[in-house]
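In: Got a predicted model here, sequence first, then my questions.
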Amino acid sequence: MAILRKIKKKLKKIAQADLSAKKTKKIRKFSGKEITKEVPGTREVIAEQAKFSHPETARKRGGMPQELPLRYDQDKIVLQVRDPWWIYAYWEVKGSTMDRLRNELKDDFLKARRILRVYDVSSIIFDGSNAHRFFDIQIDRHATSWYIDTQGPGRSWCVDYGLKLSDGRFIVILRSNTVHTPLEGPSWITDEEWMIPEDMFARLYGMGFGLGQSSSVGKAWQKMVKGVITSSPGITSGASPIKRAQEKK
């Protein structure tokens, strides 16, 4: 009996040692680093999760981004340039603002038309009444944006959103910022600092055809150019007339 008890104790120790070896067995993560599992617990769970983690999974856990609201509850109109001919306006009017107008105008409010009044305000400080010209666009009462054909590139524009009453009065609700449409082609403005004097241009023009000073024809060409320039009124080989006026002062 004593022998059997000793054998059982040895077998039990062997089984415990084998179980302990399994618990301390080393495993490898996908990153190549080694971690040791001691006992099932927090460290083991974290290690298992790390093995299968991925940026896409983390993004999905964060949830879908929220969409922009349809309204911000403010009175505002914004004007933007699309190209030399077209501008774009979008706006929002608070419900309380429309309720106030409805109470003030009563029946006229129901008969009024929604209007975009487009002002040409090029080269002026616009005060609401000094525009070069304006034109009206009737829009749907539910519209919140509109593309506008200005029919004139290279101009400045401002837009009012409002109500046009049956008696012709225009009630301004919103006024936009001012925008400037670009020209449809190259600018006609020339920087005088980069202009070539007429005599230099003529000489370079002649040299392009082989009429330089080294040939007899070239000498005749250069002499003719010099005579034409010095004898022609309004043509000089000096600086621009603006600079000369400044020097006289």
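Out: Everything's here; your move.

In: Would you check how far apart the spatially closest residue to residue 155 that is not a sequence neighbour and residue 183 are?
Out: The spatially closest residue to residue 155, leaving aside those adjacent along the chain, is residue 122, at 4.7 Å (C-beta to C-beta, 6 or more residues apart in numbering). C-beta: built from backbone N, CA, C; applies to glycine. Between residue 122 and residue 183 the distance, using C-beta to C-beta, to the nearest Å, works out to 12 Å.

In: So for these two, which sits in the more crowded spot?
Out: In terms of neighbours (other C-beta atoms under 10 Å), residue 122 is the more surrounded of residue 122 and residue 183; the figures are 17 against 12.

In: how about the residue nearest to residue 155, what does it touch?
Out: When contacts are counted by C-beta atoms under 8 Å, 6 or more residues apart in numbering, residue 122 is found next to 132, 155, 156.

In: Would you list the buried entries among those?
Out: By the neighbour-count criterion of 16 or more other C-beta atoms under 10 Å, the contacts of residue 122 include these buried positions: 155, 156.

In: Out of the contacts of residue 122, the closest to residue 118 would be?
Out: The shortest gap between residue 118 and any of those belongs to residue 155, at 10.5 Å (C-beta to C-beta).

In: My guess is the closest one contacts residue 181. True?
Out: Yes. Counting by C-beta atoms under 8 Å, residue 181 is a contact partner of residue 155 at 5.7 Å.

In: backbone phi and psi for the residue nearest to residue 155, please?
Out: In terms of degrees, to the nearest 10, the main-chain angles of residue 122 are phi -60, psi 130.

In: ok, now how distant is residue 93 from residue 75?
Out: For residue 93, the distance to residue 75 under the criterion C-beta to C-beta works out to 6 Å.

In: Thank you, goodbye.
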